[in-house]
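In: Output the structure for:
(4 chains)
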4 protein chains.
Amino acid sequence: MKALVYCGPEECALREMPRPALHAPTDAIVRITKTTICGTDLHILKGDVPTVTDGRILGHEGIGIVEEVGAGVSSFQGGDHVLISCITSCGKCAACKKGMYSHCEQGGWILGNTIDGTQAEFVRIPFADNSLHAVPTEADEEALVMLSDILPTGYECGVLNGAVKPGDTVAIIGAGPVGLAALLTAQFYAPDEIIMVDVDDNRLQVAQKLGATQIINNSDGQAVEKVMALTERRGVDVAMEAVGIPASFDVCQRIVAAGGHIANIGVHGQPVQLNLDTLWSHNITLNTRLVDTVTTPMLLKKVLSGKVAPRQLITHRFKLDDIMTAYDTFSHAMRERALKVLITND
Amino acid sequence: MKALVYCGPEECALREMPRPALHAPTDAIVRITKTTICGTDLHILKGDVPTVTDGRILGHEGIGIVEEVGAGVSSFQGGDHVLISCITSCGKCAACKKGMYSHCEQGGWILGNTIDGTQAEFVRIPFADNSLHAVPTEADEEALVMLSDILPTGYECGVLNGAVKPGDTVAIIGAGPVGLAALLTAQFYAPDEIIMVDVDDNRLQVAQKLGATQIINNSDGQAVEKVMALTERRGVDVAMEAVGIPASFDVCQRIVAAGGHIANIGVHGQPVQLNLDTLWSHNITLNTRLVDTVTTPMLLKKVLSGKVAPRQLITHRFKLDDIMTAYDTFSHAMRERALKVLITND
Amino acid sequence: MKALVYCGPEECALREMPRPALHAPTDAIVRITKTTICGTDLHILKGDVPTVTDGRILGHEGIGIVEEVGAGVSSFQGGDHVLISCITSCGKCAACKKGMYSHCEQGGWILGNTIDGTQAEFVRIPFADNSLHAVPTEADEEALVMLSDILPTGYECGVLNGAVKPGDTVAIIGAGPVGLAALLTAQFYAPDEIIMVDVDDNRLQVAQKLGATQIINNSDGQAVEKVMALTERRGVDVAMEAVGIPASFDVCQRIVAAGGHIANIGVHGQPVQLNLDTLWSHNITLNTRLVDTVTTPMLLKKVLSGKVAPRQLITHRFKLDDIMTAYDTFSHAMRERALKVLITND
Amino acid sequence: MKALVYCGPEECALREMPRPALHAPTDAIVRITKTTICGTDLHILKGDVPTVTDGRILGHEGIGIVEEVGAGVSSFQGGDHVLISCITSCGKCAACKKGMYSHCEQGGWILGNTIDGTQAEFVRIPFADNSLHAVPTEADEEALVMLSDILPTGYECGVLNGAVKPGDTVAIIGAGPVGLAALLTAQFYAPDEIIMVDVDDNRLQVAQKLGATQIINNSDGQAVEKVMALTERRGVDVAMEAVGIPASFDVCQRIVAAGGHIANIGVHGQPVQLNLDTLWSHNITLNTRLVDTVTTPMLLKKVLSGKVAPRQLITHRFKLDDIMTAYDTFSHAMRERALKVLITND
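Out: Below is the predicted model of the structure:
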């Protein structure tokens, strides 16, 4: 089968690879119909993720059709239309029992990381009963593929961790796909203001269409000052970091109000400075989280009923054969005005 | 009256000062019978707290007898035996209504900071109805003075912010008075283990007497390794920072388990490094808080009924006339084997 | 001044009464510009509320202009435009400090109950700093008067007590003003379905306009069966009782799903039967609450910004001189197609 | 094998029955070494539980040794020493994912109810990975058998549902095994007072030894009056119903303070009267729950470390051959001064 294979830092290739087979009775094999590329895949390509080794098939998002299941799988069978969760959950370890699937003893984020992933014609999904979600035959696959990772990530790491509540003023630093997913799902809690900060006017315009009440282009580095001016110098109830760099974390810690929340969504490659000299007395809560995908069933209902329309985040579409072009487009997101790039294989 | 007056960095003196008078109808004047010195007072003396200006009477802890009340005070009258909260609360601003008295618009930590404090014969207490607590005439004043600050600080900033729960493994970095207050009150929630870390064997022995299940002397810098070994490399559910320096914060972030809590109690004079490059995916919660003293009524009941015995934290006793010696003792705590030093004025 | 006076069961009259004067330094006198009649006022007229005695001026909702304040009032002064909370809060007792103003030791629901109320030209408001809310001069008084009671009641007793969350299925039994207030504010939490149950088609049509996704006319007593059919026999996550009679409570307990919530909003005049023989193992939470009005500041922002438009609940308008007609209209709500009746005095 | 078999209302017998075999790959067969009788078993014998049919082996508590596991069981193997949970959990349905194992689509309380139970030499445990707990070889089986049901029931249905917190006043109505389990585990949260109410002096004396701060014999029906007197007429923060009859529920609703909790632990055979006419404005929370056993791992650590010693609840010991006598003893608990009766089979 065709698959996108990591070949060491800065290199990947579309190659012919052996089709995956069942390893354990709890496995399923899924034929991928739609997948996409995540910012994390770009991190991997830079060599930032040492657990990914040469020869690994990348990708942790996808929609497909179950091809085959092991004897221990009871909720799915061949032919079922399924959503693949980016997080694999065994359902029986201490972490899974707490709903912290991200730290499952045998699972967590393993797809396209420590085992082969979804940017391929077929993928093997361990613990299929707990790691796949049934979707209706006729469902809109383009919308659903946003549920593998970015929608639960924006919601769990940004909105739930930020404890957004009615009347809040929220700032989201970073209007990329995950920041926009946080924007879409923050609206479940009726905040009064959602201020979106980025350096790309195109993304800010998208944010405005998707519900941002204020947009700030931080190309001039004045975001902190502007947010403080907008909030009568009180700051924001919730500041979400959706980029993954020290500068955007710093904006968050400078704009959070006393009693407020900093919710980290970004994947960070280096430490940040935390201003405990001012924040020690500021009654703040800071949360980090690798998405657990515990909210996927709820979000799936929202997408199926049309209440959330994440399809709007897709800007480009490619065939699996053209995935190298897709990577190029996605890695030049600003130039290409790209948000999510969809990879089709049907 | 006699009072301990701040005279600029590194200088203070016991001086004759005018007795305070009522300014507002919601004020009370309290005659101080017992007070004490806080680690924060030492910070002030170093010149670290710019809001404290030359000529300020220090001190934010105390027990005393109400001397006089303004016309707007309805819960207290002359002769009442009272505990002074280190935090002043107006009871009507948005912060007070949320129980975040530390950020009261007209109050918060002002005693011995922006207004004159308790290391004196008399003190003026604004918003007395919300900032004093009635105590029985015959109550043990030595135990009660621990309720002005350190007991609610250890409990609110350490235990509540750390969300200690039955079965938890807790580590407290710093066995000074506030760390020990956290140790005493963490036991309200039946954690399985409380590991106490310090560099002073005397303090660690006190910790053991007060309920620590493990003690670690970190003079060799091996605390992280030792905590990880004690916890089968899982780390701790709750790590409390009770020193206020980057090194002890760093211990916390290296020992916190996935899904765990870092609760900051220490007063920090400089920023710290936060390892978001590892913690972004670790599902942690970090909290800071200036004590709100919302739990003082509950803690007061615990002390009055003898269920918590904070008197054990008092190692030295002085008359107000000898407060300069008290400061000297407290500022050489390790040499003097000092925890809390009590100042008596009756 | 003119005032609506309770004259014992089934009797009330518009009378000339003495203008209220300040009693305590924390009082304010407010000139009423708008008030309204509450379902509770009808209960009082039936003689159901024994704390209301002959000669009492009724009414606990209102908007007005501050006429005069006591020496202890610091947040308001003559001429201020204010919203009157139906709940009086001293801001310093144990209940107030917990945010349970409804059980304030000296306040709670006293207006138009144990002290004279707002259906008059003037009213005395005790503890004005904590019991009034400033509103902009030009604000829409008709919308704001809904904030004295019904909007916080629907929100706190129904939505917060019911713990409505994104994706939930909610049923509200009773589409009167308070049930509709719950409907408006439940939408802050993005439930998937809000099923409204009543026996009055007019009210159900209003509910549909205000956001109900399903309406059920229970004139045939088939509401339980219909709700179970709509929910694939799973029941609802949240059932709100917004009538105050055993029959509607019974609907709630029969439709609540395992793990679900029953939130009581209604004022009950008699006990109900609770089916613990089936519910003991059903993992339900049942909450009751007299509104605390702690959420009024947030709701006020929602109304001022137009995000919530409670003005739609007003169906009739009267002058204070015609308040007897207003009572007649409101007490024949179905016949008159009445929701809230507004009383104007300006 | 020998097993205690239900033979219709009021009848049961120790009979020779076929040894259970594996049905599904996720099953395990456990050889029972210790079991016990639950109050629910007596309800079954009275014919109160219609899901239990003639020929059913009773019992849902037990400790044993794994005899055999199906191919889909990965956490256990033959020879393992295990604790059996009274609740069976599949680990993959919506209820299990929420931690509400009691409402597991294929599990819940099925042992000794809809499938054969533990009062036998062997038992089949479905979904063994999620329904058994590993225990050390040398562990005290007598203490551990209290963890199958009563300890998590007292803790989850009483203490967690009651939201017991430091400083609370708690009343537990019913000093039977489950009420005493609630008493033991309520102490995890440092309440100030635990008032135990029963009609049996023997049980009340046991309660006093296990930590009750007040005991009330309600033979005179004066419990409500006595609790109100003990609490300065404020009532209790948490009232736990641990009997399962209308009279004890009624005590709870009459003694709960404003803002307090009623936690139902008892198994009820008939409806109760709920005084909504007084409670509607009392800001109470009432919870019901069939134990989910989500806290069993934490409680297991507490018992293994000796921090909780539930062995004290065992008053009588019998061989499996004498289980009919054990039933007789347990069903005359007051006469026999019985709490838990242990059944040994090794």
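
In: Show me the helices in the stretch 51-200 of chain A, by range?
Out: All helices of the stretch 51-200 of chain A, identified by DSSP state H, counting those that start in this stretch, fall at A:94-97, A:128-131, A:141-144, A:150-153, A:177-186.

In: contacts for the second one?
Out: Same thing as helix A:128-131. Outside helix A:128-131, the residues that touch it by CB atoms under 8 Å, 6 or more residues apart in numbering or on different chains are A:26-28, A:66, A:69-70, A:73-76, A:84-85, A:87-91, A:96, A:101, A:107, A:125, D:91-92. Heads up, the C-betas are built off the backbone N, CA and C, glycines and all.

In: In it, which residues are buried?
Out: Neighbour-count burial for helix A:128-131 flags A:128-131 (criterion: 16 or more other CB atoms under 10 Å in any protein chain shown).

In: The third one now?
Out: Within helix A:141-144, the residues that qualify as buried by neighbour count (16+ other CB under 10 Å) are A:141-144.

In: Next, count neighbours for residue A:192.
Out: 16 (other CB atoms under 10 Å in any protein chain shown).

In: Could you report the pLDDT at the closest residue to it other than its chain neighbours?
Out: Using CB to CB, 6 or more residues apart in numbering or on different chains and skipping the chain neighbours, the partner closest in space to residue A:192 is residue A:167 (5.3 Å). At residue A:167, the model reports a pLDDT of 98.

In: repeat for residue A:48
Out: pLDDT, read off for residue A:48, is 84.

In: List the contacts of the closest residue to it other than its chain neighbours.
Out: Spatial nearest neighbour of residue A:48, excluding adjacent residues (CB to CB, 6+ apart): residue A:269 at 5.3 Å. Neighbour list for residue A:269: A:43, A:48, A:244, B:277 [criterion: CB under 8 Å, 6+ apart].

In: hey, C-alpha coordinates of the helix or strand hosting the last one in CSV?
Out: Counting by DSSP states H and E, the secondary-structure element that holds residue B:277 is helix B:276-279. What follows is the C-alpha trace of helix B:276-279 in CSV, where atoms were taken according to Å, rounded to 0.1, in the frame of the first residue of the first chain:
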residue,chain,number,x,y,z
LEU,B,276,6.6,23.5,28.9
ASP,B,277,8.7,21.4,26.5
THR,B,278,8.0,18.4,28.7
LEU,B,279,5.0,19.6,30.7
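
In: does any part of the helix or strand that that helix is followed by sit near chain A?
Out: Next in sequence after helix B:276-279, counting helices and strands by DSSP H and E, comes strand B:285-287. Yes. Under the criterion of CB under 8 Å from any CB of the partner chain, strand B:285-287 makes contact with chain A via B:285-287.

In: Just the buried ones out of these, please.
Out: Counted by 16+ other CB under 10 Å, the residues of strand B:285-287 next to chain A give B:285-287 as buried.

In: now, which of these lie close to chain D?
Out: Applying CB under 8 Å from any CB to those, none is adjacent to chain D.

In: could I get these as a markdown table with pLDDT?
Out: Shown next, in a markdown table, are these (pLDDT from 0 to 100):
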| residue | pLDDT |
| --- | --- |
| B:285 | 98 |
| B:286 | 98 |
| B:287 | 98 |
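
In: isn't residue A:199 right next to residue A:220, touching?
Out: No. Here residue A:199 lies out of contact with residue A:220, judged by CB atoms under 8 Å, at a distance of 9.3 Å.

In: neighbour count winner among these two?
Out: The residue with more neighbours, out of residue A:199 and residue A:220 and counting by other CB under 10 Å, is residue A:199; that gives 17 against 10.

In: give the contact list for the more buried one.
Out: By CB under 8 Å, 6+ apart, residue A:199 lies in contact with A:217-219.

In: now, which of those sits nearest residue D:179?
Out: The shortest approach to residue D:179 among the contacts of residue A:199 belongs to residue A:218, at 60.4 Å (CB to CB).

In: residues contacting that closest one?
Out: Listed by CB under 8 Å, 6+ apart, the contact partners of residue A:218 are A:173, A:197-199, A:251.

In: which of those tops the neighbour count?
Out: Counting by other CB under 10 Å, top hit in these: residue A:197 with 30 neighbours.

In: That residue against residue A:183, yeah?
Out: No. Using CB under 8 Å as the test, residue A:197 is too far from residue A:183 to be in contact (11.3 Å).

In: so what's residue A:16 bridging to?
Out: Counting by DSSP bridges, residue A:16 forms beta bridges with residue A:2.

In: Buried residues of the host helix or strand of residue A:203, list them for me.
Out: Per DSSP H and E: residue A:203 is located in helix A:201-209. Going by neighbour count (16+ other CB under 10 Å), the buried part of helix A:201-209 is A:202-204, A:206-207.

In: contacting residues around that helix?
Out: For helix A:201-209, contacts defined as CB under 8 Å, 6+ apart pick out A:172, A:175-176, A:179-180, A:183, A:196, A:198, A:212, A:215-217, A:312, A:334, A:337, A:339.

In: most neighbours, which of these?
Out: Per-residue neighbour counts (other CB under 10 Å) across the contacts of helix A:201-209 peak at residue A:172, which has 33 neighbours.

In: For it, give its distance to chain C.
Out: Residue A:172 sits 18 Å away from chain C, going by CB to the nearest CB, to the nearest Å.

In: so who does residue A:149 touch?
Out: Residue A:149 sits next to A:38, A:60-61, A:86, A:291 when contact means CB under 8 Å, 6+ apart.

In: In a markdown table, list those residues along with pLDDT.
Out: Formatted as a markdown table, those follow (pLDDT from 0 to 100):
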| residue | pLDDT |
| --- | --- |
| A:38 | 96 |
| A:60 | 98 |
| A:61 | 98 |
| A:86 | 98 |
| A:291 | 98 |
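
In: so which of those comes closest to chain C?
Out: Nearest to chain C, judged by CB to the nearest CB, of the contacts of residue A:149 is residue A:291 at 16.2 Å.

In: Then that closest one would be within a helix, right?
Out: No. Using DSSP: H, G, I helix; E, B strand; the rest coil, the secondary structure at residue A:291 is coil, not a helix.

In: Tell me how many other residues crowd the closest residue to it other than its chain neighbours.
Out: Nearest residue to residue A:291 in three dimensions, chain neighbours excluded: residue A:153, at 4.2 Å (CB to CB, 6+ apart). Counted with other CB under 10 Å, residues neighbouring residue A:153 total 27.

In: I'd assumed residue A:265 was in contact with residue A:153.
Out: Yes. The pair residue A:153 / residue A:265 is scored as a contact, 6.5 Å apart, by CB under 8 Å.

In: hey, what's in contact with both of those two?
Out: Common contacts of residue A:153 and residue A:265 (CB under 8 Å, 6+ apart): residue A:178.

In: got a list of what residue A:116 touches?
Out: Per CB under 8 Å, 6+ apart, neighbours of residue A:116: A:3, A:17, A:20, A:56-57, A:123-124.

In: Could you tell me whether residue A:299 really is in a strand?
Out: No. Per three-state DSSP, residue A:299 lies outside any strand segment and is helix.

In: State the number of residues packed around it.
Out: 27.

In: Which pLDDT does the model give it?
Out: Here, the pLDDT recorded for residue A:299 equals 98.

In: what's the closest non-adjacent residue to it?
Out: residue A:151 (5.2 Å).

In: quick one: the one you found and residue A:184, what's the gap?
Out: To residue A:184, residue A:151 is 7 Å away according to CB to CB, to the nearest Å.

In: what sits in contact with each of these two?
Out: Between them, residue A:151 and residue A:184 share these contacting residues under CB under 8 Å, 6+ apart: A:308, A:310.

In: between those two, which one's more packed in?
Out: Just comparing residue A:151 and residue A:184: by other CB under 10 Å the higher neighbour count belongs to residue A:151, 31 against 25.

In: All good on my end, thank you.
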